[in-house]
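Enquirer: Let's see this in three dimensions:
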Amino acid sequence: MESDNAVYDLTLEILTQLRTDAKNFDELNHDISKNLLAVLQTQKVNIDLQAETIRRCINDFYYKNGFHILLIFQKDNILKLIPTLRDSNNNFYIDFLLEWIKANFDPRQKLNKEILQTIFNYAKQNLIQDDLLCRDITRHAIKKFFNFDTRDSLFFKNLDFHVKKFDYDFVQINEELRRIRKLDSSILLSEADRSYISYLLRQTPLKNMLSTIASDILKHKINFKNINQENFYQDFLHLIVQDFRIKIGKILGNSVASLNQTCFAEEYVRGHKKIAFSSLAHLVLQANYYHTYDVSTIVTKYVNKIPINNPKFKKPDQFFYSIQDFDNICNEYFQVQESIQAIEHKLQKIEHQIDEKTNQIYKIQQEMKTKDTILQNLNNAYESKKEIAKNIDIDDKINQEATNIAIANFISEQKFILEDLEKMAKHIETINTEKVTLNEEKNTLIQEIQKIQLASQTQDKNFDLLAQSLGDIIVQNEI
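Expert: Here you go, the predicted structure:
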């Protein structure tokens, strides 16, 4: 009789081999159920005496691979196995799926919707039918195969996906901002440090950067459904400081301590709040005009209270924009923008057509190169046949006739290819003529846009001044 340790090791060896041979989890369970005890018996193991050792080994085997296992010994050396998932991050499902992914994809590939669809479909058909668990298993396998950080998030809905990378710098910056706001950045950042950072950033258009960051945040990170919440404006400003700090950090690198960079970002953004809130005001005016978001609380709160900073709109005893001024300025501005957008839409279509024409020409030119090569080969074969014909005996009528037919075929094929090349050249000429026409239309549209922009400078200025005043009053009252 074998010792318990020897039986345990032998059982584990057989389980490991069955795992290597199996293509999926169901197959593994089936093979263990039907074959494990029979193989052990061939190795002179007494199943009845070693049942607990075998049970312990199987339990350990499944546990290490993410499962609890209910194990029942049945007749005829059959095991009944009832596995229950215990670890969704590391388990047989993920391992089997990873093996299949490795056999079918390259980790250097970029994850896309089609790859995700293929992997999910395979997992659903071959590994696990439960939709939610299948998504979870697919997510973990993809993250491992494509070398995601363990803290990166992968979300997918209807087999479209979004990846959120874990950003260590972002976490560090947030921690530094919390420390700064408990104290005062002016205490933490010396005048010498402030001057040094300003010197390093002297070539960087910080105000333009700030304006761009504010616009991007408004487009992609702000939920205007919550614009009435108490901390909306502070949250908006916090997001700007984060992004501004990340951008200047890429410029400053390791030449300035991280905390000092964060102090500078906090100070600069707070000191130039009006730039950021001018972007917010632009979007509020747009949302109010098009009714894309409910910004009525802001508009109602400040209409008739927004100070006029445009002398042309000042009337006797009037120092604030009236609701009529507000509506007129927005109407005129957005009507102009709509005209420009309509022309830009036409312009995009024409540019797309020009690109298509360019691609058509390229494809025809590639075909012509291929035909030129074929023609050159035909010419060489034709010359070779002519040389052969010269050396054929005058009485060898059969070879003479065969050679003459071959030469005639070469000439015929040369003729067809030359005709094709001529047609292709004419086709390219036609497409180039069409491109010239499209480019003329493109230039006409560009000139139209330029004329509208030139004629609408007053409307643009009035709108910018209104947005600036609205942004200023928000800063004064909310920050």
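Enquirer: measure E383 to N377 for me?
Expert: Noted for E383: a distance of 11 Å to N377, by C-beta to C-beta, to the nearest Å. Just so you know, the C-beta spots here come from the backbone N, C-alpha and C atoms, and that holds for glycine as well.
Enquirer: Please read the previous query as pertaining to I69.
Expert: 69 Å.
Enquirer: can you give me the strands in this structure?
Expert: For the chain, the strands defined by DSSP state E occupy 67-73, 79-85, 153-157, 160-164.
Enquirer: weakest of the ones you listed in terms of mean pLDDT?
Expert: Looking at the strands of the chain, the lowest mean pLDDT belongs to strand 160-164 (a mean of 43).
Enquirer: For the stretch 151-300 of the chain, which segments are assigned as helices?
Expert: For the stretch 151-300 of the chain, the helices defined by DSSP state H, counting those that start in this stretch cover 168-182, 185-188, 191-200, 206-220, 232-252, 258-271, 273-290, 296-302.
Enquirer: Equivalent analysis for the stretch 351-479 of the chain, please.
Expert: Under the criterion DSSP H, counting those that start in this stretch, helices of the stretch 351-479 of the chain are mapped to 397-455, 457-478.
Enquirer: Just checking the distance from the longest one to the centre of its chain.
Expert: Read it as helix 397-455. Centroid separation for helix 397-455 versus its chain: 39 Å, with C-alpha atoms, centre = their mean, to the nearest Å.
Enquirer: ok so, going back, ranking the helices of the stretch 351-479 of the chain by burial, who's on top?
Expert: Counting by mean count of other C-beta atoms under 10 Å, helix 457-478 has the highest mean neighbour count of the helices of the stretch 351-479 of the chain, with a mean of 18.
Enquirer: between that helix and helix 397-455, what angle do the directions make?
Expert: 70 degrees (axes from the mean of the first three to the mean of the last three C-alpha atoms, to 10 degrees).
Enquirer: Touching helix 457-478 from outside, list them.
Expert: The contact list for helix 457-478 (C-beta atoms under 8 Å, 6 or more residues apart in numbering) reads 233, 273-274, 277-282, 284-285, 298, 302, 305-310, 312-313, 321, 325-326, 329-330, 332-333, 336, 453.
Enquirer: got the angle for it vs helix 273-290?
Expert: Using the same axes, to 10 degrees, the inter-axis angle of helix 457-478 relative to helix 273-290 is 110 degrees.
Enquirer: before we move on, the earlier item: how about the helices of the stretch 351-479 of the chain, which one is nearest F92?
Expert: Among those, the nearest to F92 by C-beta to C-beta is helix 457-478 (55.5 Å).
Enquirer: pLDDT of the closest one, averaged?
Expert: For helix 457-478, the per-residue pLDDT averages 88.
Enquirer: try stretch 241-249
Expert: 89.
Enquirer: Check which residues of that stretch are buried.
Expert: 241-249 (16 or more other C-beta atoms under 10 Å).
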